Every structure is written in C-alpha cells, then in structure tokens.
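# Pasting a predicted model and its sequence here:
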Amino acid sequence: FVVDKGNHRHFMEKEIYEQPEVISHALSNYVDFHGHTVKPVDAAIDFKSLRGLAVSACGTAYLSGLVGKYWFEHYARLPVEIDVASEFRYREMPLYKDQAALFISQSGETADTLASLRYCHEQGLKIGAIVNVKESTIARESDAIFPILAGPEIGVASTKAFTCQLAVLASLAIAAGKARGTVSPEEEKQLVKSLSEMPRIMSQVLNSIQPQMESLARDLSKFKDVLYLGRGTSFPLAMEGALKLKEISYIHAEGYAAGELKHGPIALIDENMPVIVIAPYDRFFEKTVSNMQEVAARGGRIIFITDEKGAAASKLETMATIVLPNVAEIISPMVFALPIQLLAYHTAVFMGTDVDQPRNLAKSVTVE
Ligand code: G6P
C-alpha cells in the first residue's frame, strides 16, 4: 500500500473508495471464494464449546462489535456480552473460563481496550483480537489474531477499517455457526456466496450514489441536529452514521434504535431536525416504516436509506430517498455503510472542516 491520497482530496475519501478492494482482500483470509466455505478459525478460540463471547472496543470498532453481536447470536446462537472498553474494564464483570473474549481495534493500541483485554486475560479467558495493525500491543497479547487487512487508515474518522471489521466478524459468526451446528452446509454456502459478491456490489454502489450524496450533503449542512434511526443491525449502523457526521462536520447527531423513538427523541421532531432512516427490506422493514410514519406525522423531514424493494414498498414522502440494490441480509451493513460515510464526508467538505484531522480527535487514543 502506498500511503498517499492518489487522486482524492482527502485520505477519508480515498479510504471510502478503497473499500471494495480491501474488503475482498480481508475476506480472502477467512473464506474460500471458490468452495463457498469459511476457512477454519484459529484453534485457540474453540467456538464449539463456548458458552458465550465477551466483546469490548471503543468508537467505531465498538459499533462494528455491536453488529457482530447480532450475527453471533443469530447465526451461531452464541450469547454476546458487549460494552465500550472504558466501561468494560471497570465493570468487574463476572466471566467464565468457557467464555472467550474478543477485542476489536484498528490501531491495536487503544488504552481502554487493552486494559479490558488484560482484565479478561487475568480471568483466564482465551483472547481473540480483530486488529488492523498486526504488530500492535493488543495483537501481541492475544491468543488468536484476526487481521482485518485494511491497509493503513490515515483519516481519523474510520471507514474502511469499519467495513473490514464487519467482514471479519461476519465470517467468524458463520464459522462459529458451522462449528456449533447452527449453520448448515447449505446455509454456509449461501452466506459465503453473498459475502463474495460484496466487493462488486460495493463498487457498484460507490460508483452510482456519489452525486446524490453530494447534493444531499449541501442540504444537510444547513441543520444543527440530525437523528439516525435503524433496527436490527441497522441500529448500530445508525449510531455509526451519527458518529461519522458529528466527528467530521461537527453537526450534532444521534443514532437511536427505531423502536425507542417514542421513548424520547420523538419529542424533538420538527422540520429543523432531519431524520435519517436506515431500512433495508429485511424482517424489520415494516416496523421501521411505522416509526417513519410517526416522524412524518409530526412534520419531520425524512432521509430514507433503503433498497429497491424498500423504496417500492414505502409510500411516504421524504426529503430524499437513497435506493441501494437489494442484497442478502448478511452483507447489508457493509453496503449501507457506504451512503452513511459519503454523506458525512461530503457534508464536512461542504462545511469546510478539516476532514482528515477533525478538531480534538486523535486517530489512536493510547491514554485513558
Ligand atoms: C479513536 C478514533 C476512532 C476509533 C477509536 C478506536 O476515537 O478516532 O476512529 O474508532 O479511537 O480506535 P481503535 O484503534 O481501537 O479501533
């Protein structure tokens, strides 16, 4: 990897557009593209005999872990306990030796994540690390290293590391399901096929949505607050969308579980706070649409990020609708991450902030 911006204005933009390539590289370490099977997982983590998984991370890595929780529980029926590392390290969480611990970190040096790792190590748990920097402290102190192979990430706001973490987590969840007998050989084949289609679909999306994201960013830059909503794996994605926007554009943004709307944020809805709804046409779609109706009924402006089936099924008036291709459920978080990243990026560019070096933020936080 050559670390320069190439033809891009910012590292962040370059890293967004690199995703199809790096994700394909990341996946090739975990799945067999021809045989449509997952590769065997490092024997230090024996998914078959585990009673549960404890996961800890910070920032964007924490949000990829939250998506991973849905996958491990759904595909492998493996209970996941997850927390931000700054809480995890002090919670004095009771842990059992037949749990394994998983730490997700781009840099592999985040102080709170490392402290959580050491806590789990003292409790006698096997440690797995999903890292980008293989020579990092977190990698060195782990029993099994799961590299995300994203190449150097320079932009402070994480993009390609996020989707590569997701690709690794998806592969591990399938491998765990296979080991535990909850994913049949036929399902494994289908899931891996879907994963292998992802780089092509991501390129197609990146090539088609940019003009719409740019013009939407111009509108978004006029607002002071933005709410993101999603259900299922789209909930952590909503939080990641809000995180990206606030980090680089300094617009206040919050990500909420769509079903929690009525327990608080609905009080804020008016024409001054756009609501970005992330809703692929999955098993949660109808529920999310009914939350969208609640927003529309209160004069809220909706930016609807959906797929072709979702766009056809919803009749609501929106400020904008972003239509992605219909994709398999397992890859939708990675595909839906793209408009979220581009929207934050173009909003920040439009507002003239320092996109790659946002104020007060550091790429790697090695102090508590
Ligand atoms: C900082 C960075 C984020 C990153 C987080 C965790 O806050 O600005 O982009 O997600 O640290 O970093 P890590 O290297 O552990 O993934």
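Received, thanks. Numbers count the residues shown, from 1 in each chain.
# ok, and the closest non-adjacent residue to the residue nearest to the spatial centre of the chain?
Using C-alpha atoms, centre = their mean, the residue of the chain that lies closest to the mean C-alpha position is S64, 4.0 Å off. Once flanking residues are discounted, S64 sits nearest to Q165: 3.9 Å by C-beta to C-beta, 6 or more residues apart in numbering. For glycine as for every other residue, the C-beta is placed from the backbone atoms N, C-alpha and C.
# Contacts (any at all) between the ligand and the strand or helix carrying that neighbour?
Taking DSSP states H and E as the definition, Q165 sits inside helix 160-180. No. Using C-beta under 6 Å from any ligand atom, helix 160-180 stays clear of the ligand, coming no nearer than 6.6 Å.
# Between helix 160-180 and the next helix or strand after that helix, find me the angle.
Next along the chain after helix 160-180, taking DSSP H and E as the criterion, comes helix 185-220. Relative orientation of helix 185-220 versus helix 160-180 (axes from the mean of the first three to the mean of the last three C-alpha atoms, to 10 degrees): 160 degrees.
# Pull the number of nearby residues for the residue nearest to S64.
By other C-beta atoms under 10 Å, 30 other residues sit near Q165.
# I figured it was touching Y62, is that so?
No. In this structure Q165 lies outside contact range of Y62 using C-beta atoms under 8 Å: 10.2 Å.
# Chain neighbours aside, what residue packs nearest to E21?
Distances taken as C-beta to C-beta, 6+ apart place P199 nearest to E21, at 7.1 Å, with adjacent residues excluded.
# contacting residues around the one you found?
Applying C-beta atoms under 8 Å, 6 or more residues apart in numbering to P199 gives the contacts P20, E21, I23, S24, L27.
# Can you tell me the element the fourth one falls in?
The one in question is S24. Going by DSSP H and E, S24 is in helix 19-28.
# Only the buried residues of that helix, if you could.
Under the neighbour-count criterion of 16 or more other C-beta atoms under 10 Å, helix 19-28 has Q19, P20, V22, I23, S24, H25, A26, L27 buried.
# Could I get the contacting residues of the third one?
Contacts of V22 were listed using C-beta under 8 Å, 6+ apart, and they are L149, A150, G151, K160, C164.
# Same check on the first one?
If you count contacts by C-beta under 8 Å, 6+ apart, Q19 has them with T159, K160, T163, C164, M202, L206, L338.
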